[in-house]
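Student: I would like to see how this sequence folds:
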Amino acid sequence: MPHMYILECGDGSFYVGSSWNLEFRVAQHVSGVGGAYTSKRQPVRLVYCENFDRIDEAYAREKQV
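Tutor: Below you'll find the predicted structure:
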């Protein structure tokens, strides 16, 4: 199931993303290999997510947020 998610970073900023596998993607971010933005702003934690039927819907919501 596709998801749009929001992470809170250690510096107080937020990161918005979308993924087919939320648990795997968040684990990547937490371990520092999820992307350049979050790897430099550790620690990160999941603060919000929404579920969608299609990945394009999750991606559109990510861009809206």
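
Student: and residue 4, what pLDDT?
Tutor: Among the per-residue scores, residue 4 holds a pLDDT of 98.

Student: and it, how close does it get to residue 40?
Tutor: Counting by Cβ to Cβ, to the nearest Å, the separation of residue 4 from residue 40 is 22 Å. In short, each C-beta sits where N, CA and C put it, glycine included.

Student: neighbour count: the two, which is higher?
Tutor: Each of residue 4 and residue 40 has its neighbours counted (other Cβ atoms under 10 Å); residue 4 has more, 24 against 11.

Student: give the contact list for that one.
Tutor: Applying Cβ atoms under 8 Å, 6 or more residues apart in numbering to residue 4 gives the contacts 16-18, 49-50, 52, 58-59, 61-62, 65.

Student: nearest to residue 25, of those?
Tutor: Set against residue 25, the nearest of the contacts of residue 4 by Cβ to Cβ is residue 17 (6.8 Å).

Student: among the contacts of residue 4, name the ones in strands.
Tutor: The strands, defined by DSSP state E, take in 16-18, 49-50 from those.

Student: what's the closest of those residues to residue 29?
Tutor: Sorting those by distance to residue 29 puts residue 17 at the head of the list, at 8.0 Å, by Cβ to Cβ.

Student: quick check, that closest one in contact with residue 5.
Tutor: Yes. With contact defined as Cβ atoms under 8 Å, residue 17 reaches residue 5; the gap is 5.6 Å.

Student: and for those two, which residues touch both?
Tutor: With contacts defined as Cβ under 8 Å, 6+ apart, the residues adjacent to both residue 17 and residue 5 are residue 25.

Student: specify the local secondary structure of residue 5.
Tutor: strand (DSSP: H, G, I helix; E, B strand; the rest coil).

Student: surely it and residue 20 touch.
Tutor: No. Counting by Cβ under 8 Å, residue 5 does not reach residue 20; the two are 11.6 Å apart.

Student: out of the two, which sits in the busier spot?
Tutor: Neighbour count, other Cβ under 10 Å: between residue 5 and residue 20, residue 5 has more, with 21 against 11.

Student: quick one: contacts for the residue of the chain most remote from its centre?
Tutor: Farthest-out residue of the chain from its mean C-alpha position, per Cα atoms, centre = their mean: residue 53, at 17.1 Å. Neighbour list for residue 53: 1-2 [criterion: Cβ under 8 Å, 6+ apart].

Student: thank you kindly, that will do.
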